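In: Sequence plus the predicted model coming up.
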Amino acid sequence: MRVLLKASMDTERANEAIRNGTLGKLIQETVEQIHPEAAYFTTDEGKRTAYLVFDMQDSSQMPVISEPFFLNLGAEISYTPIMNSDDVQKGLSQLGR
């Protein structure tokens, strides 16, 4: 299932990760692990935030993906099922007329 992972990082913990060089490594390892079709980095409500769109094969991936963000960055994590335009068209075609 295609999902949107949102990771909002605690500012002080992310600052420290930048200082000690681990933030870039954590992001790189996550990208290599999940192979996102899109990855965006911005701020949201004053926090460094990553948005990663990827195909989650099984919900058991959630702890493996989330824990490094929780443990190292004090991040708030959310997963949201999402669709692209092809998915929407496929779903609409299945509606009764």
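Out: In hand now; what should we look at?

In: count of neighbours near the closest residue to Leu73 other than its chain neighbours?
Out: Using CB to CB, 6 or more residues apart in numbering and skipping residues adjacent in sequence, the residue nearest Leu73 is Met9, 4.3 Å away. C-beta coordinates here come from the backbone N, C-alpha and C atoms, glycine included. Using other CB atoms under 10 Å, Met9 has 23 neighbouring residues.

In: Tell me if I'm right that Met9 and Leu71 touch.
Out: No - in this structure Met9 lies outside contact range of Leu71 using CB atoms under 8 Å: 11.9 Å.

In: Now do the shared contacts for the two.
Out: Among the neighbours of Met9, none is also in contact with Leu71 (CB atoms under 8 Å, 6 or more residues apart in numbering).

In: Tell me where the protein has strands.
Out: Ranges of strands in the chain, per DSSP state E, are 2-8, 38-44, 47-55, 76-81.

In: For Met62, which of those strands is the nearest?
Out: For these, distance to Met62 was read as CB to CB. The smallest value, 6.6 Å, belongs to strand 76-81.

In: Sweet, I'm off.
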